[in-house]
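after the sequence you'll find the predicted model.
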Amino acid sequence: MTGIASYVTQTGHVIPVTLKEPVFGIYTPIVITISQLIGTFISIPLLQYLEWKSLTLIGGFSIALLNGLTGMFLYFYANYEDFAPYAMTLAVVCIMALLFTFGITVGSVSWPYASYMMPSNALVAAQVINWLLAGISIIAFSVDTNSTDSPVIMLWVYSGVTFVLSVLNWILMIDIKGLSVIQVQKKLATD
């Protein structure tokens with residue numbers, strides 16, 4: 001529920017609709033995907049040196065902030081003419097930073113981390129639920145964008161949900177760096 005699926009699938013539509021300039025629909029998805037790819041490549045050595053819980057929390061709170069900022073800048077773009085040129089630039093920069101942050105943190109850590117915590121059949125169910133929720137969020141994002149010419153409402157929803165889930169992760173996640181699956185299971189059983 002971070003909004004990543006919506007950004008990846010809908011940015012090519014959102015930016016041109018908001019700007020009323022179709023040409024931006026071609027380039028924006030390419031640029032944000034490259035941002036995420038760079039973040040993912042950087043995450044590979046980071047996973048060896050940093051605790052996965054820390055990366056997940058840094059990513060979750062950063063993504064919540066960047067979703068909120070993107071929503072704020074798109075709101076400013078629509079409602080404050082003097083700030084509009086800067087607002088759209090800042091919104092696109094925030095989207096790029098969000099995708100980069102996702103690639104370097106949550107996107108690279110969450111499923112390997114979950115595989116330590118869950119049996120494989122539960123992991124499959126979690127992935128199915130994840131993709132169903134992603135599909136629902138894409139539909140809601142699209143409806144919001146098409147009815148208001150801006151995805152501001154959904155971006156703030158993503159920000160709030162991501163923040164709440166990050167707080168829950170902070171409370172519930174355990175550190176697993178350097179532990180085997182069996183050691184993690186024993187640690188879970190004692191906590």
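That came through, no problem. Numbering: from 1, shown residues only.

which SSE is immediately downstream of the worst-scoring helix or strand of the chain on mean pLDDT?
Ranking every helix and strand in the chain by mean pLDDT, DSSP states H and E puts helix 4-19 at the bottom, with a mean of 65. Proceeding N to C from helix 4-19, the next assigned helix or strand is helix 24-49, under DSSP states H and E.

show me the contacts for residue 55.
Counting by Cβ atoms under 8 Å, 6 or more residues apart in numbering, residue 55 touches 43, 46-47, 104-106, 108-109. (Glycine included, C-beta is placed from N, CA and C.)

secondary structure element for it?
Using DSSP H and E, the element containing residue 55 is helix 52-79.

centre of the chain to that helix, how far?
Distance, stretch centre to chain centre, for helix 52-79: 8 Å (Cα atoms, centre = their mean, to the nearest Å).

that older thread, out of the contacts of residue 55, which end up buried?
43, 46-47, 104-106, 108-109 (16 or more other Cβ atoms under 10 Å).

helix 24-49 and the helix holding residue 55, what's the angle between them?
Relative orientation of helix 52-79 and helix 24-49, computed by axes from the mean of the first three to the mean of the last three Cα atoms, to 10 degrees: 160 degrees.

tell me how far residue 177 lies from residue 96.
When distance is defined by Cβ to Cβ, to the nearest Å, residue 177 is 29 Å away from residue 96.

who's more crowded, the two?
Neighbour count, other Cβ atoms under 10 Å: between residue 177 and residue 96, residue 96 has more, with 21 against 12.

tilt between the helix or strand encompassing that one and helix 24-49?
Element membership of residue 96 [criterion: DSSP H and E] is helix 84-104. Here the directions of helix 84-104 and helix 24-49 differ by 40 degrees (the same axes, to 10 degrees).

buried residues, the helix or strand following helix 84-104. List them.
Next helix or strand after helix 84-104 toward the C-terminus (DSSP H and E): helix 106-117. Across helix 106-117, burial judged by 16+ other Cβ under 10 Å covers 106-110, 113, 116-117.
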